[in-house]
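Colleague: What follows is a protein structure lacking sequence information:
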């Protein structure tokens, strides 16, 4: 099922040169058997009335064949999804179908869509049907259905089909839309507790927080309060003043341009325990939830490092576009036996201002010395400078449990399923 963190590239309009496929429906086969029976009787018995009946019965069959083909002419179809998808959420997928004909409407059009995991065979795909009762000439109509993703990951949407059995249902016609769209579903959003909020705010207001000089234009409207002596008259909110009968002024809040670092250490023991994978999923969900709430706290740089089968380091000014990039990487991250944690720490330290805490969310306890995880080629001096600023959060600990609550509706056993 995209564009901030768009998970599905724009769907191209269907190929107008694609050839429709036509077949008899079950009702059509019954009708054909009756037609053959009547036709055989008219030939064997030479009964004029049966010959007339045969000619009359051919007309609906021909009309159904031509009508179903005509309903599929000059149509353009496109699938759209919400700009960002998260596991555990039910989203609405929409098919936008435009009728390019100037005279004839389209009736009883069905859009047949399918979803599956990339590693699953096509025969196991989940099939969905959206029905558009009528599309007027030169206009557009929409067909919708609901999709539920129990778990994060990569999904394939399509190929889809446009089908019609109009007008009599004896013959069905179909045009294939062969394009498949890759859809990335980010980890589930849980709930951050007040303990995490206090920790983040203490980082924001502490002596080590990085605050840069900012102009008045960077202030953001926070709320309204009663006028106090010394308040600027330019900030008076006259409409609220008229309603309340008291002078009300606008209150502004300015966020300091501080930096933020979160590093995921998705370590997995070589025996590949299921419990460790569940911890990794919990850490990924925590990272996605933190990223969703940073927009109201952090205005400076945000660095996100994901250490697993592939090491990914993302660093940029906090923005919706950057959050989308992070969610895309979290959607496909996998734990590994030898994540390159120290390398990621060093890379992040080159991008982030000094004095910024490094929150390391890990599936393993903190080692006594990070140098034990480093290779001989790494800069031990830089690593020693980073280590005092590391805030290690072991996922399987009471401290982490007090910071984050995962939605109970999600189960790792459903990772390969798509519910519709």
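Modeller: Okay, I see it. Note that this is a predicted model, so its numbers are computed, not measured.
Colleague: Kindly check the end-to-end length of stretch 182-201 for me.
Modeller: Distance between the two ends of stretch 182-201: 38 Å, counting by CA to CA, to the nearest Å.
Colleague: can you give me the helices for the stretch 251-400 of the chain?
Modeller: Here the stretch 251-400 of the chain has its helices, by DSSP state H, counting those that start in this stretch, at 274-293, 320-332, 341-349, 380-386, 398-401.
Colleague: among the ones you listed, which gets the worst mean confidence?
Modeller: When the helices of the stretch 251-400 of the chain are compared by mean pLDDT, helix 380-386 comes last with a mean of 70.
Colleague: Please identify which of the helices of the stretch 251-400 of the chain is closest to residue 147.
Modeller: Of all the helices of the stretch 251-400 of the chain, it is helix 320-332 that lies closest to residue 147, at 15.3 Å by CB to CB. Using the backbone N, CA and C atoms, a C-beta is placed for each residue, glycine as well.
Colleague: Which helix runs longest in the chain?
Modeller: Determined from DSSP state H, the single longest helix within the chain is helix 48-71.
Colleague: Enumerate the positions of that one that are buried.
Modeller: Going by neighbour count (16 or more other CB atoms under 10 Å), the buried part of helix 48-71 is 50-51, 53-54, 57, 60-61, 64-65, 67-68, 70-71.
Colleague: Same check on stretch 282-300?
Modeller: Quick answer for stretch 282-300 (16+ other CB under 10 Å): 282-292, 294, 297-300.
Colleague: again with stretch 128-141
Modeller: 128, 130, 132, 135, 141.
Colleague: Which neighbours in the sheet does the helix or strand encompassing the third one have, and how are they oriented?
Modeller: Element membership for residue 132, per DSSP states H and E: strand 126-135. The sheet places strand 126-135 alongside strand 106-116 (antiparallel), with pairing taken from DSSP bridges.
Colleague: for the record, mean pLDDT for the partner strand?
Modeller: For strand 106-116, mean pLDDT is 92.
Colleague: what is the orientation angle of that strand with helix 48-71?
Modeller: Relative orientation of strand 106-116 and helix 48-71, computed by axes from the mean of the first three to the mean of the last three CA atoms, to 10 degrees: 60 degrees.
Colleague: for strand 106-116, which positions count as buried?
Modeller: In strand 106-116, counting by 16+ other CB under 10 Å, buried: 106, 108-116.
Colleague: The stretch 51-200 of the chain: helices as residue ranges?
Modeller: Using DSSP H, counting those that start in this stretch, helices in the stretch 51-200 of the chain cover 194-205.
Colleague: For the residue most central in space within the chain, give its distance to residue 117.
Modeller: For the chain, residue 85 is the residue whose C-alpha lies nearest the centre (CA atoms, centre = their mean; 2.1 Å). Note on residue 85: its distance to residue 117, by CB to CB, to the nearest Å, is 14 Å.
Colleague: same check, this time on residue 159
Modeller: For residue 159 relative to residue 117 (CB to CB), the value is 15 Å.
Colleague: Averaging pLDDT per element, find the lowest-scoring helix or strand in this structure.
Modeller: In the chain, no helix or strand scores lower on mean pLDDT, DSSP states H and E than strand 220-226, which sits at a mean of 62.
Colleague: can you list contacts of whatever helix or strand comes next after that one?
Modeller: Remark: after strand 220-226, the chain's next helix or strand is helix 238-244, criterion DSSP H and E. For helix 238-244, the surrounding residues in contact (CB atoms under 8 Å, 6 or more residues apart in numbering) are 224, 247-248.
Colleague: what comes up buried for helix 238-244?
Modeller: Buried residues in helix 238-244 (16+ other CB under 10 Å): 240-241.
Colleague: chain center to it, what's the gap?
Modeller: Relative to its parent chain, helix 238-244 has a centroid offset of 42 Å by CA atoms, centre = their mean, to the nearest Å.
Colleague: and if you look at stretch 326-337?
Modeller: The answer for stretch 326-337 is 14 Å, by CA atoms, centre = their mean.
Colleague: got it, and stretch 268-284?
Modeller: Here stretch 268-284 is found 23 Å from its chain centre; the criterion is CA atoms, centre = their mean.
Colleague: in that stretch, what counts as buried?
Modeller: For stretch 268-284, a neighbour-count test (16+ other CB under 10 Å) marks 268, 276-284 as buried.
Colleague: quick one: contacts of that stretch?
Modeller: Contacts of stretch 268-284 (CB under 8 Å, 6+ apart): 151-152, 187, 264, 266-267, 308, 330, 333, 335-337, 361-363, 395-396, 404, 406, 412.
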